[in-house]
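S.K.: generate a structure from the sequence data that follows.
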Amino acid sequence: MTLNLPIDAEANKLLQRSPLALLVGMILDQQFPLERAFSAPYELSLRLGHEPTAEELADFDPEALTAVFATPPALHRFPKAMAARVQEACRIVVDTYGGEAETIWSTAGDGKELFKRVSSLPGFGKQKAQIFVALLGKRFGVRPEGWREAAGAYGPDDAYKSVADIVDAAALVKVREYKQQAKAAAKAAAAAKG
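M.R.: Presented below is the predicted three-dimensional model:
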């Protein structure tokens with residue numbers, strides 16, 4: 001079980017060792033290439049000169065954090081909104097989970113509780129929460145009872161529908177193909193209603 005994204009090796013290592021970095025990457029994985037979203041925590045640490053803590057990001061001056069996110073190349077296509085979302089998530093991590101992002105998942109009693117906790121984070125709707133539960137289960141061994149059910153369609157080992165399934169270049173191709181097919185199907189459905 002490893003997370004092996006097509007990004008800088010140091011960025012991959014940071015995601016492996018830092019639950020906060022993993023959470024930030026997942027927050028940023030929205031309307032943005034996944035390679036850039038999951039590289040952003042490493043880039044953020046380079047810009048700050050160290051790996052930030054949840055407390056540091058929660059207490060950061062909002063305008064200054066937006067400036068860090070917006071510095072070219074921006075950490076997201078919507079730097080102000082995503083800097084605010086990351087900061088809000090860090091406040092939850094500090095206030096509810098003692099400043100440790102990993103506590104969100106390490107103390108969940110079962111898959112339903114894990115899904116509920118993840119769903120309560122800013123920017124995590126049902127689909128994104130299911131993907132994160134699948135990512136935690138498949139790549140990080142976070143497997144409370146019922147985790148696959150909580151991950152929905154993203155839970156099976158052979159789903160190839162999200163970042164949770166990317167272990168090599170071939171898996172990345174399968175995930176991209178699935179996303180293209182899903183997008184085309186949604187477009188066709190919208191046109192049929194039209």
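
S.K.: next one: phi and psi at the residue nearest the centre of the chain?
M.R.: Residue closest to the mean C-alpha point of the chain, counted by CA atoms, centre = their mean, is Met26 at 1.0 Å. Phi and psi for Met26, reported as degrees, to the nearest 10, are phi -70, psi -40.

S.K.: that one contacts Val133, correct?
M.R.: No: using CB atoms under 8 Å, Met26 is not in contact with Val133; the gap is 10.6 Å. C-betas here are computed from N, CA, C, even on glycine.

S.K.: and the closest residue to the residue nearest to the centre of the chain other than its chain neighbours, which helix or strand is it part of?
M.R.: For Met26, ignoring the flanking residues on the chain, the nearest one in space by CB to CB, 6 or more residues apart in numbering is Phe132 at 5.2 Å. Element membership for Phe132, per DSSP states H and E: helix 126-140.

S.K.: next SSE after that helix?
M.R.: Counting by DSSP H and E, the next helix or strand C-terminal to helix 126-140 is helix 147-151.

S.K.: remind me, longest helix of the protein?
M.R.: In the chain, taking DSSP state H as the definition, the longest helix is helix 169-193.

S.K.: that helix: how far from the chain's middle?
M.R.: Its chain's average C-alpha position is 20 Å from that of helix 169-193, according to CA atoms, centre = their mean, to the nearest Å.

S.K.: same check, this time on stretch 76-96
M.R.: The answer for stretch 76-96 is 12 Å, by CA atoms, centre = their mean.

S.K.: list the buried ones in it?
M.R.: The neighbour-count check on stretch 76-96 (16 or more other CB atoms under 10 Å) flags 76, 78-80, 82-94 as buried.

S.K.: tabulate the CA atom coordinates of it in CSV.
M.R.: C-alpha atoms of stretch 76-96 as CSV (Å, rounded to 0.1, in the frame of the first residue of the first chain):
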residue,chain,number,x,y,z
HIS,A,76,-4.8,26.4,-6.8
ARG,A,77,-6.7,28.1,-9.5
PHE,A,78,-8.8,29.7,-6.8
PRO,A,79,-6.1,30.7,-4.3
LYS,A,80,-8.2,33.0,-2.0
ALA,A,81,-11.1,30.5,-1.6
MET,A,82,-8.8,27.5,-1.1
ALA,A,83,-6.5,29.3,1.3
ALA,A,84,-9.6,30.0,3.4
ARG,A,85,-10.9,26.4,3.1
VAL,A,86,-7.5,25.0,4.2
GLN,A,87,-7.5,27.5,7.1
GLU,A,88,-11.0,26.5,8.1
ALA,A,89,-10.1,22.8,8.0
CYS,A,90,-7.0,23.5,10.1
ARG,A,91,-9.2,25.3,12.7
ILE,A,92,-11.4,22.2,12.9
VAL,A,93,-8.3,20.0,13.2
VAL,A,94,-7.1,22.2,16.1
ASP,A,95,-10.4,22.7,17.9
THR,A,96,-11.8,19.2,17.5
